[in-house]
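Participant: Quick one: sequence plus predicted model below, questions after.
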Amino acid sequence: MTVGAIILAAGKGERVGQDKVMLALGDKPVWQWSYDTFQAHSEVSKVGIVVAPSQVETVRKAAPEAAFVVAGGDSRQSSALAGIEAMDTALVLVHDAARPFVSSELISRVIEAAATSGAAAPYMPVTDTIRDRDSLEIIPRERLAAMQTPQAAKRNLLIEAHAAASSDVTDDLALLQGIGIQPTLVEGETENRKLTYSSDWPPAQLE
């Protein structure tokens with residue numbers, strides 16, 4: 001089964017105050033860390049990048065070996081669809097560029113699970129006490145899962161799920177569940193954290 005990966009780097013970075021995935025992290029921009037990891041993975045044959053329209057030419061020059069560099073939309077969902085439509089592999093992994101620390105081992109776990117069940121994604125157990133903000137009722141954390149990316153599925157299922165979507169979501173699995181697909185969850189990684197707020201910089205120095 002052919003495998004392709006899409007790096008979503010079209011977000012506005014509103015909680016940081018600027019386009020966070022274009023910020024420098026060490027000696028290269030944030031988006032390029034995960035891009036390079038997928039590009040080097042033995043099971044991934046193609047890697048495409050979805051960026052803001054204003055960044056297409058800049059990223060294309062920085063990653064000339066990319067399968068494609070396309071402009072994203074106004075939401076994560078529309079950006080993901082732009083990448084999925086540009087990708088032609090049987091299995092597609094969708095990864096947020098704001099998670100630059102993704103490992104090759106995690107990618108392999110997601111690919112194996114998605115190839116078997118049709119869709120998969122990594123998660124981390126929730127360790128904090130979680131309450132409903134209005135009722136203050138404690139929600140049992142054993143029922144909770146903090147989702148990560150890459151989230152993967154067979155391309156035909158992703159196309160069908162996007163076509164059937166009636167509302168905007170921020171999670172690829174939610175679209176698949178909308179067409180009756182039950183994804184497999186695999187163990188995520190603490191290091192695969194998302195850079196969201198200004199306080200997330202500078203991250204630990206990468207080796």
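Facilitator: Arrived safely, thanks for sending.
Participant: the helices in this structure, which residues?
Facilitator: 30-40, 56-62, 76-86, 104-117, 155-164, 172-177 (DSSP state H).
Participant: Below-threshold pLDDT in this structure: ranges please.
Facilitator: In the predicted model, the chain carries pLDDT under 70 at residues 12-18, 197-207.
Participant: Just list the residues touching residue 114, thanks.
Facilitator: Applying CB atoms under 8 Å, 6 or more residues apart in numbering to residue 114 gives the contacts 91, 93, 120, 152, 153, 154, 183, 184. Every residue, glycine included, has its C-beta placed from N, CA and C.
Participant: ok, now with 10 Å
Facilitator: If you count contacts by CB atoms under 10 Å, 6 or more residues apart in numbering, residue 114 has them with 1, 3, 91-93, 120-121, 150-154, 157, 183-184, 186.
Participant: same check, this time on residue 171
Facilitator: Contacts for residue 171 (CB under 10 Å, 6+ apart) come out as 76, 77, 121, 147, 149, 151, 177.
Participant: Write the ChimeraX selection for whichever of the contacts of residue 114 are buried.
Facilitator: Buried residues among those (16 or more other CB atoms under 10 Å), as a ChimeraX selection:
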select :3,91,92,93,120,121,150,151,152,153,154,157,183,184,186
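Participant: And the contacts of residue 114, which is closest to residue 48?
Facilitator: For those, the residue nearest residue 48 by CB to CB is residue 92; the value is 9.3 Å.
Participant: my read: that closest one touches residue 38, true?
Facilitator: No - with contact defined as CB atoms under 10 Å, residue 92 does not count as touching residue 38 (11.6 Å).
Participant: shared neighbours of those two, which are they?
Facilitator: Joint contacts of residue 92 and residue 38 (CB under 10 Å, 6+ apart) are 3, 4, 5, 6, 46, 48, 150.
Participant: now for those residues, which pair is the farthest apart?
Facilitator: The most widely separated members of the shared contacts of residue 92 and residue 38, counting by CB to CB, are 46 and 150 (13.8 Å).
Participant: how far away is the spatially most distant residue from the centre of the chain from residue 143?
Facilitator: Within the chain, residue 135 marks the point farthest from the mean C-alpha position, 32.3 Å out by CA atoms, centre = their mean. For residue 135, the distance to residue 143 equals 16 Å [CB to CB, to the nearest Å].
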